[in-house]
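Student: mind folding the following:
(chains A and B)
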Amino acid sequence: MKKGLRWKIVLTAAILILAVVLSLPLGEKIHLGLDLKGGIHLVMQVVTDDAVNIETSQEVLRLQEQLKKKDFAFTSVTNPKIDEILIQGLNPDQEGKVKDLLDESFREWDASMGADRATLKMTAQVNQYLREQAVNQAVETIRNRVDQFGVAEPTIQRQGGIGGERIIVELPGVDNPDRVKNIIKTTALLEWSLVIAGPSPDEATLLAAYGGQVPEDGRVAKADPKRRSEGVFLVKKVPTVTGKDLRVVRRSVDEWNNPAVAFSLNPDGARRFETATGENINKLMAIILDGKVQSAPNIESRIQGDGIIQGNFTVDEAEDLVLILKSGALPATIKYLEERTIGPSLGADSIRAGLLASAVALALVVVFMIFYYRLAGLNAISALVLNVVLIVACLAYFKANLTLPGIAGIILTIGMAVDANVLIFERIKEELALGKSILASIAMGFKRAFSAIFDSNVTTIISAVFLFQFGTGPIKGYAVTLVVGLVANMFTAVFVSRLIFDLTVSGKSRTMSI
Amino acid sequence: MQLFKTPHINFMKYKYVALAFSAVVILAGILNLTVGQGFKLGVDFRGGTLLRVAFARPTSVGDVRQALGKIGLGDASIQEIGKGGREFQIRTQLPKAEGEADKELEAHEIMASRVIEALASEEDKLDIGRGLKDLNALDETSLSFLLEPAVPEDAAAYAREIAELRKNQGLILDFGEIEKLGLKAEAVAKLREKTYLGSLSPLSRETVGPQVGADLRKKATLATVWALVGMLVYIALRFKIAYGVSAILTLTHDVLFTLAVFSFTSRELNLPVVAAILTIVGFSINDTIVIFDRVRDNLKVMRRSPFEDILNASLNQMLSRSIITSGTVFLTVLALFLFGGQVINDFAFTMLVGVLEGSYSTIYLSCPVVLFWQRIFKTQKSPGKK
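Tutor: Next comes the predicted model:
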C-alpha cells in the first residue's frame, strides 16, 4: 500500500466514526422542527409604548406632588404625548426656581421653559432603556409562565437581537393552543380600586350624575363578560393595591365551593388595603384584571391583607390565573402577529411522507448510478451515503432542527451530489477514450473536473446562504441541510471517491468498470 | 456504458426557435400576471389563515364550499389534499375594511374557529348541544382529567395512549378502536358517556397578520435580490463580459420562466416556492458554468474552428453529463413531488419545472447569447480568467 493512502484511510474512517457517534441514537440527537413534531409557533410584539406611557404617567403624579410641596403655582400637568409632560399655568416669576426643581429632581427629562409653561421631554436614552427593559421583562415573564405550565423544550427568544420588539415562542408538542396562548398573552395587571359609582347598565347612565364627564380622579371600567359581574363601573383612578403588592396567590374556593383565587398581600399593601377598606365600609371594591372588572364585592368590614377573587371561574381558569399572577404582570401589552399550530398527526404524516420520498429518491439514484457506471457507480453511492451521514451528524452537532423543507434539502443533495462524481467519471471516460492508462485517466479526471465541481457548488451555496439569512424556521432548515450537504459533497465526492479508486484500481488492471 | 457514442447534435441550429419559445412563455406569464389573475399569494405573504382539516367521511370541495357559504365565506380558497377526499386546505382572508390592523389577527382566529364550527356535521352539533366533548379534539390533560373519576390510577396513561392513537392514525372513527387499545371497560364507558367522535379535526392552523405578511414579503425579496447579486458578483469574477452577460440573462430567464409557468397553476406563492426558485437559479447557473468551462478548454484545442462549432462541440461533449445530472436531480425531485406529502408539494412542483427549465436554458439560451454578443462586438472569445 502506498504511504500517502494510509493517513487518508485513517482520516476518512475517523470522520465516519465521529459522524456516527455524533448522530446516534437518532431519536435523541436529531431535534425535529415544529412542522414535524407538532406544536405552536408564535410571533408576538411587545407594545413598548405602554412601558413608556406608564413611566410618564407616574412622573406626572410625582411632578404634581413636588410642585405642590414647593408651593409653585400651576394649573395643570398633563402628558400630551407618551414621552412628554406639559406643565401649564406657571407663574412666570417662579420660572427660575421651577427650572431648578426640574433640573434637580427630573434628570431623566429634557426641560424647556416657556413664559407660563414648561415642557419635559423624556431623554432618548431613558426612552430606549425603558423599551429594552420592557422586552426583557416580557421575555422573562413569558418564560416563567411557559415553564410553570410545563412545556418541554420551549424556545423563547427575541427577534432581531438587541432593540427588537418581537418575541418568538415555540412550544413543541403542545396540544391545547388556545389555553397556552391565553396564558402567555394575559398582561395580568391586577388592581383593587374603590368604586365611586356603579354598576350601571351603560356609560351614559353612569356618568349622568357627573355631567357626562369622567371626574378627574376616576376612570371607567367595564365588567368582564366572562365573569359573573355585569355593567360599567366608575372607579378611582389610583388603585388601592395592585398585583405588585401580592405576597401569595393560590387556587381556592369561595363560600359556595366554586373555584376562586385566594391572595395575601405584603405588609405594605396590607396596610393600605386595611386603611382603604376601613374608611369605605359598605362601598364596593372592584377587582380589575387587565382593565376588566372581575368582581366588585361589598366591603363589609375592615379587611386585613387576605381575601379571595371570585368570578365565574372554571378550575382551569382559576389555575391559569394563579399561574399568571405568580409569574407577575407583563410590563406592556402583547400583540400576536403570527400563529402557527401544527397538529401532531400532520407532523407524523409529514415524517412518514418525508422518509418515503427520501427512500424512493435514494433508491432511484442508486439504481441509476449502478446501472450506468457499474462499479464506479458503487463508488459514487458510497460517497453519497457518507454525505447523508455527514449531514445528519452536522444537524446533531449544531442542534439544528430537522424540518420538512430540511428533508427536501437532503433529498435534493442526494440528486445534486452525484453531479460531482458524474463530472469526474465522464472526464475519466474521455481520457480513457484518448488511450491513456487507467491510473493516468483517473488522475486526470479528478484534476480536470475539480474546477467545474467547485464552481457548481458555489452558486448553490450562495443562494442557500441568503435563504438562511432571511428565511424563517422551516426554510432555515432547508438552507442548512443544503449548505451542509454541498460542503460535505466536496469532501465525499472528491476526497473519498478518489480514495476508493486508489484502493480498488491497481496499475495492473486492463479495463475499468465505469 | 455510455448514453451516446459522440453525439453531433446541432443545438445552435434551433437557437431562434428556442428564443421565440422562451419569449412566448415569458410574455404569456407577464400578461397573466399583469392583466390576468396575478399571483395567488399564500398566507405567508398576504396574511390570512390557512386551515388544514381532516374529515371522518369523504366529502367534496363543493360541499365544503356550501358549508362555508352559510357563514359568508363561500369565496374562500378550498383545495382537496391527500387521498380519498378526506383532507382539505382552506384559506380565508378578511376583507380589508373589517377590523383594524391591530385586531386583525384575532379576527382571523375567530374566523378560523367559525370555519371549523360551520364544517361540523349535524350529529356533531347535536352532541355539542348535549354537552359532550369531542374526543378527536380534546387535549391530553383534559382527557386525563375526564377519565380520572372512572379509572383514577390509569387516567394519565390512558390519555397518552389515546393521544398516541390519534397522532398515528388521525381521526378516531369508532369507539371500537379505543376498545382495541385494551383499556378497562369503565374507561371506555366513561368516554362513551362524556364524549363524541367529531366528524372533523383541524390538522394545522396558520395565521399570519398583516405586519408579518409584509415582513415576510420583504425578507423573501431581500433573499432573492441578495442571492442574485451574489451570483452576479461571482459571475463577474469568473467570466469575461460576453459570458457574464449571457449568464445573467440565463439567470433572469430562469426566474421569469419558472414564475410564468407557476402563474398558470392554481398554486400559491409562498416561502418554500421562493426557496425553490432560488435553488433552481443556482442549479441552472451551475449547468451554464460547466458548459462555459468546457468552451474555455475547447477554444485552446479547436483554434481553427468557427465559434459556433466550438459551442456546439462543447454542448455535445457535456451532453451526457448534463442529462445524467439533471436526470438524477429530476428523479429525486419527482420522488419528493409524488411521495413528499401535501405540505411540500408546491416546493417540489416548482423544483420539477425548474430542473427541466434549467437544462433547457443552459443549452438553448446561454450559448446563443454568447454567440450573438461575439458577432456584434467581435471580442475575444475566451470565457476568461482562470
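Student: and the gap between residue A:301 and chain B?
Tutor: 38 Å (CB to the nearest CB, to the nearest Å). All C-beta spots, glycine's among them, are computed from the backbone N, C-alpha and C.
Student: so which strand or helix has the one residue sitting closest to the centre of chain A?
Tutor: Most central in chain A under CA atoms, centre = their mean is residue A:168, positioned 1.7 Å from the mean C-alpha point. Element membership for residue A:168, per DSSP states H and E: strand A:166-172.
Student: ok, now residue A:219?
Tutor: Per DSSP H and E: strand A:218-223 holds residue A:219.
Student: after that strand comes which helix or strand?
Tutor: Heading C-terminal from strand A:218-223 (DSSP H and E), you reach strand A:232-236.
Student: which stretches of the chain have low pLDDT?
Tutor: Going with chain A. For chain A, residues meeting the criterion pLDDT under 70 lie at A:1-3, A:160-164, A:228-229, A:473, A:507-510.
Student: should've been chain B
Tutor: The low-confidence ranges in chain B, as defined by pLDDT under 70, are B:1-6, B:83, B:94-105, B:379-386.
Student: before we move on, the earlier item: helices or strands up against the strand holding residue A:219?
Tutor: Using 3 or more CB pairs under 8 Å, 6 or more residues apart in numbering or on different chains; DSSP states H and E, the elements in contact with strand A:218-223 are strand A:190-200, helix A:203-207, strand A:232-236, strand A:292-295.
Student: mind checking the SS state of the closest residue to residue A:301 other than its chain neighbours?
Tutor: Sequence neighbours aside, residue A:281 is the residue nearest to residue A:301 in space, at 6.5 Å (criterion: CB to CB, 6 or more residues apart in numbering or on different chains). Following DSSP: H, G, I helix; E, B strand; the rest coil, we place residue A:281 in the coil state.
Student: distance-wise, check residue A:281 relative to residue A:43.
Tutor: 49 Å (CB to CB, to the nearest Å).
Student: between the two, who's got more neighbours?
Tutor: A count of neighbours by other CB atoms under 10 Å in any protein chain shown puts residue A:43 above the other of residue A:281 and residue A:43, at 23 against 12.
Student: which ones are touching the more buried one?
Tutor: A:159, A:166, A:167, A:168, A:336, A:337, A:338, A:339, B:212 (CB atoms under 8 Å, 6 or more residues apart in numbering or on different chains).
Student: kindly recompute the last result at 7 Å.
Tutor: A:166, A:168, A:337, A:338, B:212 (CB atoms under 7 Å, 6 or more residues apart in numbering or on different chains).
Student: most proximal residue of the stretch 51-200 of chain B with respect to chain A?
Tutor: Ranked by CB to the nearest CB, the top residue of the stretch 51-200 of chain B for proximity to chain A is residue B:139, at 3.7 Å.
Student: tell me how many other residues crowd residue 150.
Tutor: Answering for chain A, as no chain was given. Neighbours of residue A:150 (other CB under 10 Å): 9.
Student: looking at chain B here, not the other one
Tutor: Residue B:150 has 20 nearby residues by other CB under 10 Å.
Student: on the three-state scheme, it is what?
Tutor: coil.
Student: hang on, it packs against residue B:187?
Tutor: Yes - the pair residue B:150 / residue B:187 is scored as a contact, 5.4 Å apart, by CB atoms under 7 Å.
Student: name the single longest helix found in the chain.
Tutor: Assuming you mean chain A. The longest helix of chain A (DSSP state H) is helix A:344-397.
Student: looking at chain B here, not the other one
Tutor: Max-length helix for chain B by DSSP H is helix B:271-301.
Student: the residue most central in space within chain B: what's it in contact with?
Tutor: Nearest residue to the geometric centre of chain B (CA atoms, centre = their mean): residue B:346, 2.3 Å. Applying CB under 7 Å, 6+ apart, we find residue B:346 in contact with B:267, B:268, B:270, B:272, B:273.
Student: burial measure for the second one, as a count.
Tutor: Residue B:268 is flanked by 21 other residues according to other CB under 10 Å.
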